[in-house]
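1. Kindly return the folded structure for what I paste below:
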Amino acid sequence: MVGPQSAGAEEPVEPWNRLLVVNGHFENEPFLFEALDEVSGRPAAAGKEFIALSWWSLVDMDWLAARVPYFPGWHAEHAGLTETSLMLYLRPDLVSPERPDHTEPPRPGIYLHPVDVDVTTNQGVLSSTSGATAALGEELFWHVVAAAVELVSKGNGLLREDRGDRGEGP
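-> Below you'll find the predicted structure:
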């Protein structure tokens, strides 16, 4: 891209060299990665760096285990304890006071169709919302932010222009 681009009628977008895309929906992850892989091969992406990740990929599992004794896995976390806690911290006005639990979270890596919603979900909750708090959400949010800042700052895996020979330095 050359010069400012427009994201809308009134919002100019400055030229950029690095893009961080944070995914928040488990089922979108493969499509996001595939889309960025496709875009990265286009001429407009020449010289650009992309980091795409799902926010939960930045959560240290020891950190999580110290705060969440039973964790069924990220595949079952849709509207569960961590997501509900994050929303209680970030947008409590969007969170229902109900705390539904699903006692039988789905198994990882198994896709069933058609889905029996009486067995697989409880109001969209795939695991448990019991114990969700804004305090846990705040801790989790800043844990993820710190990990994202470290990843972007260090650029592990990126060919960074500020490394001189593209292989040394921070």
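
2. Could you tell me how many residues sit around residue 78?
-> Residue 78 has 18 neighbours, counted by other Cβ atoms under 10 Å. For every residue, glycine as well, the C-beta is placed using N, CA and C.

3. Distance check, it against residue 129.
-> Residue 78 sits 11 Å away from residue 129, going by Cβ to Cβ, to the nearest Å.

4. got it, and residue 14?
-> Distance from residue 14 to residue 129, by Cβ to Cβ: 40 Å.

5. Then residue 145?
-> Distance from residue 145 to residue 129, by Cβ to Cβ: 23 Å.

6. which of residue 14 and residue 129 has more neighbours?
-> Neighbour totals were compared for residue 14 and residue 129, and residue 129 leads with 23 against 8 (other Cβ under 10 Å).

7. wouldn't the more buried one be in contact with residue 80 here?
-> Yes: contact criterion Cβ atoms under 8 Å: residue 129 and residue 80 qualify, at 6.2 Å.

8. what do these two both touch?
-> With Cβ atoms under 8 Å, 6 or more residues apart in numbering applied, the contact sets of residue 129 and residue 80 do not overlap.

9. OK, contacts around residue 124?
-> 78-79.

10. what's the spacing between it and residue 114?
-> Distance of residue 124 to residue 114, given as Cβ to Cβ: 17 Å.

11. Break down this protein into its helices, ranges please.
-> All helices of the chain, identified by DSSP state H, fall at 29-40, 61-67, 81-90, 117-120, 134-154.

12. Pull out the buried positions in the third one.
-> The reference is to helix 81-90. Under the neighbour-count criterion of 16 or more other Cβ atoms under 10 Å, helix 81-90 has 81-89 buried.

13. and what of the last one?
-> Going by neighbour count (16+ other Cβ under 10 Å), the buried part of helix 134-154 is 134, 136-137, 139-141, 143-144, 147-148, 151.

14. So which of the residues you listed sits lowest on pLDDT?
-> Note: of the buried residues of helix 134-154, the lowest pLDDT belongs to residue 151, at 89.

15. So what's the residue count around the closest residue in space to residue 71 that isn't next to it in sequence?
-> Excluding the flanking residues, the one nearest residue 71 by Cβ to Cβ, 6 or more residues apart in numbering is residue 64, at 6.1 Å. Other residues near residue 64 number 15, with proximity taken as other Cβ under 10 Å.

16. Would you mind measuring from residue 64 to residue 70?
-> 11 Å.

17. Run a quick neighbour tally on residue 123.
-> Other residues within reach of residue 123, judged by other Cβ under 10 Å, total 10.
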